[in-house]
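J.: I'll drop the sequence and a predicted model, then ask my questions.
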Amino acid sequence: MSLATHDGAVRIVVLWNACRGISADEDARWVREETTKLATSNGVARLALHQVASAALRYPRGWDWCLELDLADREAPNAFVRRAPCSDFLADLRLLGARPTIFVLPGAAS
């Protein structure tokens, strides 16, 4: 299965837990500040940030945050996540104990 749509776009999804050692308000502020940097970086066509809630009340939610990035360029997704500011954001999440999970989906249909 190809990850490319008709225009070559792909979507990167990042899921992570709240950062350890800071308050929920500080976590939310930091996440919004850092994702704003991603929104304005080269190659990003669209960014959506969501706080995650569980739909299954009997099961705990697996993550606290979800970030969706639609890439505008034909840049490989692994190249995008390896360059700043995305690589810096992911490294900070790891340092803050947030355990980010990253995956790639076909881009949104236009």
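T.: Done, it's in. The shown structure was predicted, so the numbers you read here are calculated from the model rather than taken from an experiment.
J.: CA atoms for contacts and neighbours, from now on please.
T.: OK.
J.: Now do the buried residues in the longest helix along the chain.
T.: With DSSP state H setting the assignment, residue counts place helix 24-39 as the longest helix in the chain. Residues of helix 24-39 classed as buried by neighbour count (16 or more other C-alpha atoms under 10 Å): 31, 35, 38-39.
J.: where are the low-confidence patches of the chain?
T.: Across the chain, the ranges flagged by pLDDT under 70 are 1-8, 107-110.
J.: What segments of it are strands?
T.: Using DSSP state E, the strands of the chain run over 10-16, 44-51, 65-71, 101-106.
J.: Rebuild these as TSV, extending it with distance to D88.
T.: Converted to TSV, the strands of the chain look like this (distance: least, C-alpha to C-alpha, whole Å):
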stretch	distance to D88
strand 10-16	14
strand 44-51	16
strand 65-71	15
strand 101-106	14
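J.: any chance of the ones you listed in TSV, plus mean neighbour count?
T.: TSV is the format used below for these (neighbours: other C-alpha atoms under 10 Å):
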stretch	mean neighbour count
strand 10-16	21
strand 44-51	15
strand 65-71	20
strand 101-106	15
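J.: quick check, nearest of the buried residues of helix 24-39 to W16?
T.: When the buried residues of helix 24-39 are compared for distance to W16 (C-alpha to C-alpha), V31 comes out closest, at 10.7 Å.
J.: For the residue lying farthest from the centre of the chain, give me phi and psi.
T.: Among the residues of the chain, the one whose C-alpha is farthest from the average of all C-alpha positions is R58, by C-alpha atoms, centre = their mean at 26.2 Å. Dihedral pair for R58: phi -80, psi -10, per degrees, to the nearest 10.
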